[in-house]
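K.L.:
Attaching a predicted model along with its sequence, questions to come.
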Amino acid sequence: MKGRLISAALVACLSSHAFARDTIANYPVAAALASEPDKVGDDIPLYFAGQNHPGVVKSFGEFATNKKTNAFGKSDETACQHVFLSAVIELQDRARKEGGNAVINIKSNYRNELRESPTEFTCGAGAVIAGVALKGEVVTLKK
């Protein structure tokens with residue numbers, strides 16, 4: 001009897017992967033940036049793909065982020081906004097490290113599918129984890 005209960009529990013755990021949720025959606029950049037005021041620094045401007053910016057003096061290359069966050073008990077939007085902020089902060093930190101003063105041409109890169117939008121980012125959210133992947137070019141812009 002005990003063996004059957006253990007077997008049934010094991011089957012239930014293993015089959016739960018078949019019901020795992022991974023909802024991919026797009027969310028507004030502006031709402032995410034406003035969701036946690038003062039979390040993202042204003043010393044390194046962020047320009048999303050298609051947005052105008054001053055001329056580039058020097059490029060330090062394109063850099064990628066792939067951030068995950070705990071989504072348990074949160075709405076997809078709340079979890080996605082939080083992890084998006086972590087991703088853009090990582091891009092800003094990279095710009096500081098490289099000596100740049102901006103990140104331009106930021107694109108979503110969820111599951112290696114590039115999506116260019118000046119107003120939206122892509123996020124994947126499940127029952128427990130949400131993730132955002134971005135790519136952006138670290139540069140020095142004309143003042």
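P.N.:
Nice, thanks for sending it over.
K.L.:
What is the longest helix anywhere in the chain packed up against?
P.N.:
For the chain, the helix with the greatest residue count under DSSP state H is helix 76-98. Packing partners of helix 76-98 (3 or more C-beta pairs under 8 Å, 6 or more residues apart in numbering; DSSP states H and E): strand 23-28, helix 29-35, strand 46-48, strand 56-70, strand 102-108, strand 120-125, strand 129-141. From N, CA and C alone the C-beta is placed, and that goes for glycine too.
K.L.:
so what's the nearest residue to residue 64 once chain neighbours are set aside bridging to?
P.N.:
Nearest residue to residue 64, sequence neighbours excluded (C-beta to C-beta, 6 or more residues apart in numbering): residue 135, at 4.8 Å. Beta-bridge pairing of residue 135 under DSSP bridges involves residue 64, residue 107.
K.L.:
For burial, what's the neighbour tally of residue 135?
P.N.:
19 (other C-beta atoms under 10 Å).
K.L.:
Helix or strand, whichever it is, which one in this structure has the lowest mean pLDDT?
P.N.:
In the chain, no helix or strand scores lower on mean pLDDT, DSSP states H and E than helix 2-15, which sits at a mean of 48.
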